[in-house]
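A.B. asks: below are the sequence and a predicted model; questions follow.
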Amino acid sequence: MFVTRFAPSPTGRLHKGHAFSALTAWRAAKAAGGRFILRIEDIDPTRCRPEFEAGIYEDLAWLGLDWETPVRRQSDHLADYAAVVESLDHRGLLYRCFRTRKEILDAIGAAPHGPAEAARPGPHPADEEARLLAEGRPFAWRLSLDRAKEALGVAAWDALSFIEEGSGPNGETGRIKARPETAGDVVLARKDAGTAYHLAVTHDDALQGVSHVIRGQDLFEATHVQRLFQALMDWPAPVYRHHRLLAGPDGRRYAKRDQSVTLAELRAGGLLPDRLGAELA
């Protein structure tokens, strides 16, 4: 069964880039006689807002999309992700990281062998960790690449790969060797949320039976570490289809942080959904 999804974060209103990604996935599901899932990835408590979630439903319905219900909201399932973190910790694959974002960024800038080296800070010395815990300092859980490689075994590590039916930013397609080492020791549980993107998205894709992940090329590099996480958890590996990113008249890709024109604004200006759908086809 062909199952795909659109999984936005309610941190702002949707723009043309979101519409293109949602329509691409929805049309693929319809063409394959499969299922289309909408998932709300709202694990960031500082940026996600209910009005933006409501806007997602409004914008997608205006585009003419339909989806299965109930919609999974990640913030309703934090206990699921916590259970995965606990199991990985019991296997000795995680370590506590008390370093601040600024300390990590400073280390990346100063690393003699590049950012990947600094993104693997490693565990704190035992006495330092005990002191920081006693002080009640917040920490994130990081996945140790060294321990993950040992747990999988060299042969399985070297065989890690994924199928790309679309195209990466540099034209990557077909069977691709996964290179999780490029991401370093990624955070799997943030200090403020109890989980992080890589953990939540791979967990939910496995739980919801997603067979094809259709998303923008900006997330192509994330596939490498997500493929490692799927292998560690013995979750199935979906097929990936990364698509091009839309750019505005100024040549910059549509992005919330750049305050791109939203679908709500286009709608208020009189744009009809059929016209937008034809443009994005």
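C.D. replies: Yep, it's here.

A.B. asks: just the element for residue 53, please.
C.D. replies: Using DSSP states H and E, the element containing residue 53 is helix 50-63.

A.B. asks: what sits up against that helix?
C.D. replies: Outside helix 50-63, the residues that touch it by Cβ atoms under 8 Å, 6 or more residues apart in numbering are 6, 8, 10-14, 18-19, 22-23, 38, 40, 42, 67, 73, 263-264, 267, 273, 276-277. Where C-beta positions appear, they are placed from N, C-alpha and C, glycine not excepted.

A.B. asks: pull stretch 212-219 out as PDB, backbone CA atoms only.
C.D. replies: The C-alpha coordinates for stretch 212-219 follow below in PDB (Å, rounded to 0.1, in the frame of the first residue of the first chain):
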ATOM      1  CA  HIS A 212       7.000   7.000   0.700                       C
ATOM      2  CA  VAL A 213       8.300  10.200   2.200                       C
ATOM      3  CA  ILE A 214       7.700  13.100  -0.200                       C
ATOM      4  CA  ARG A 215       9.300  16.300   0.900                       C
ATOM      5  CA  GLY A 216      11.600  19.200  -0.200                       C
ATOM      6  CA  GLN A 217      15.300  18.900  -1.000                       C
ATOM      7  CA  ASP A 218      16.100  21.000   2.100                       C
ATOM      8  CA  LEU A 219      15.500  17.800   4.100                       C
END
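
A.B. asks: please identify the buried residues of that stretch?
C.D. replies: The neighbour-count check on stretch 212-219 (16 or more other Cβ atoms under 10 Å) flags 212, 213, 214, 215, 216, 217 as buried.

A.B. asks: just checking, residue 48 touches residue 74?
C.D. replies: No - Residue 48 is not in contact with residue 74 according to Cβ atoms under 8 Å; the separation is 9.4 Å.

A.B. asks: phi, psi for the residue minimising distance to the centre of the chain please.
C.D. replies: When Cα atoms, centre = their mean is applied to the chain, the residue found nearest the centroid is residue 197 (4.8 Å). Main-chain dihedrals, residue 197, degrees, to the nearest 10: phi -50, psi -50.

A.B. asks: pLDDT wise, what is residue 213 at?
C.D. replies: On pLDDT, residue 213 comes in at 98.

A.B. asks: what residues are up against it?
C.D. replies: Counted by Cβ under 8 Å, 6+ apart, residue 213 has contacts 4, 5, 205, 223, 238, 239, 240, 241.

A.B. asks: neighbour count winner among residue 48 and residue 74?
C.D. replies: Neighbour count, other Cβ atoms under 10 Å: between residue 48 and residue 74, residue 74 has more, with 24 against 19.

A.B. asks: for residue 40, see how far away the more buried one is.
C.D. replies: Note on residue 74: its distance to residue 40, by Cβ to Cβ, to the nearest Å, is 7 Å.

A.B. asks: hang on, the earlier thing: which one of the contacts of residue 213 sits closest to residue 183?
C.D. replies: residue 223 (10.1 Å; Cβ to Cβ).

A.B. asks: from residue 31, how far out is the closest one?
C.D. replies: 23 Å.

A.B. asks: do the same with residue 74
C.D. replies: 28 Å.

A.B. asks: cool, residue 81 as well?
C.D. replies: According to Cβ to Cβ, residue 81 stands 32 Å off from residue 31.

A.B. asks: tell me which of the two has more neighbours.
C.D. replies: A count of neighbours by other Cβ under 10 Å puts residue 81 above the other of residue 81 and residue 31, at 21 against 9.

A.B. asks: chain center to stretch 119-128: distance?
C.D. replies: Here the centre of stretch 119-128 is set off from its chain's centre by 26 Å, with Cα atoms, centre = their mean, to the nearest Å.
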